[in-house]
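Chemist: Any chance you could fold what I've pasted below:
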Amino acid sequence: MRANIGLTGQYAAVDEYLTGRDNLNMMGRLYHLSKVDTKRRTEELLKEFDLVDAADRPAKTYSGGMRRRLDLAVSLIATPPILFLDEPTTGLDPRSRLKIWEIVERLLKEGTTILLTTQYLDEADKLADKIVVLDHGTIIASGTANELKDKVGKERLEIVLKSKNDFEKAKVAIGNDVAFFKEEEILISVTTGGSVAELKKILDKLEAGGIEVESFSLHKPTLDDVFLKLTGVGTVLEDKKEEK
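Modeler: Sure, this is the predicted structure:
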């Protein structure tokens, strides 16, 4: 079982006093790889994780992103078919986070099965084929990202008006479809199924009322909306409605 599993914990578990290369060599020997295979995998992983230039420096001199990449490389030294990642991007800067995403996506394409825990729902949306939502240790939903988003409801059209003078007229023209509004931003959000016909109908109402639009954009429900809805807190959308 252990020979088939790799693990990257929430915090990088590398030996700070060993170099990046020595950390990989040590783990290869602990996995009982031959010296030849250990050396080969070490060089492959240093290159794959962009650590060649820092390979002979002690790990304690690495940045947070480099330490996380080394930690992930160590867990792959024996090419395990199953990899557990526990919040692998916690505390990383945006660039390092994107780099980890690229590595995870590459591993998936190469056939590795990955079980990833994360509190960043955009990360789950980006990487996961199937998502299981936990609340206080209990599974409350599972499915693909789109299946979970369908539980929240319709998309919303956000419209920014050119003039504050048209704000009240716009609300009346659109009617019951208004989901929430922000008068200071001259912004109105409208629930919609997202079809071209629906969007045209809403914009035609504004045009018929002589109301000029500065810009508009269509927003799909997010996994943040899903989590808040399923846990009974509400949604980002509903929170904005409550502000008014």
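Chemist: For the spatially most central residue of the chain, which three-state class applies?
Modeler: Residue closest to the mean C-alpha point of the chain, counted by Cα atoms, centre = their mean, is E123 at 1.5 Å. Three-state assignment for E123 (DSSP: H, G, I helix; E, B strand; the rest coil): helix.
Chemist: Next, please give the residue ranges for the strands of this protein.
Modeler: Using DSSP state E, the strands of the chain run over residues 5-8, 82-86, 113-117, 131-135, 138-143, 155-161, 178-182, 187-192, 213-219.
Chemist: what packs against the third one?
Modeler: In this case it means strand 113-117. strand 82-86, helix 94-109, helix 121-127 (3 or more Cβ pairs under 8 Å, 6 or more residues apart in numbering; DSSP states H and E). Every C-beta, even on glycine, is put in place using the N, C-alpha and C of the backbone.
Chemist: Which residue comes closest to R95 once chain neighbours are left out?
Modeler: G65 (7.1 Å; Cβ to Cβ, 6 or more residues apart in numbering).
Chemist: isn't the one you found right up against G91?
Modeler: No. The pair G65 and G91 fails to qualify as a contact (Cβ atoms under 8 Å) at a distance of 9.5 Å.
Chemist: So between these two, which is more surrounded?
Modeler: Ranked by neighbour count (other Cβ atoms under 10 Å), G65 and G91 place G65 first, with 20 against 13.
Chemist: tell me the contacts of that one?
Modeler: G65 sits next to 92-93, 95-96, 99-100 when contact means Cβ atoms under 8 Å, 6 or more residues apart in numbering.
Chemist: Those: which two are farthest apart?
Modeler: The distance between the two most remote of the contacts of G65 (Cβ to Cβ) is 10.9 Å, for D93 and I100.
Chemist: So the two - more neighbours on which side?
Modeler: Higher neighbour count among D93 and I100: I100, with 21 against 12, using other Cβ under 10 Å.
Chemist: pLDDT score assigned to the more buried one?
Modeler: In this model, I100 is scored at 88, pLDDT.
Chemist: now swap in E243 and tell me
Modeler: 49.
Chemist: likewise T138?
Modeler: For T138, the pLDDT comes out at 91.
Chemist: Can we start the residue count at 215 from this point?
Modeler: Renumbered: residue one is now 215, and that last one reads T352.
Chemist: Tell me how far it lies from K344.
Modeler: Noted for T352: a distance of 18 Å to K344, by Cβ to Cβ, to the nearest Å.
Chemist: Same question for G234.
Modeler: Distance from G234 to K344, by Cβ to Cβ: 33 Å.
Chemist: Which one's more surrounded, these two?
Modeler: Just comparing G234 and K344: by other Cβ under 10 Å the higher neighbour count belongs to G234, 29 against 11.
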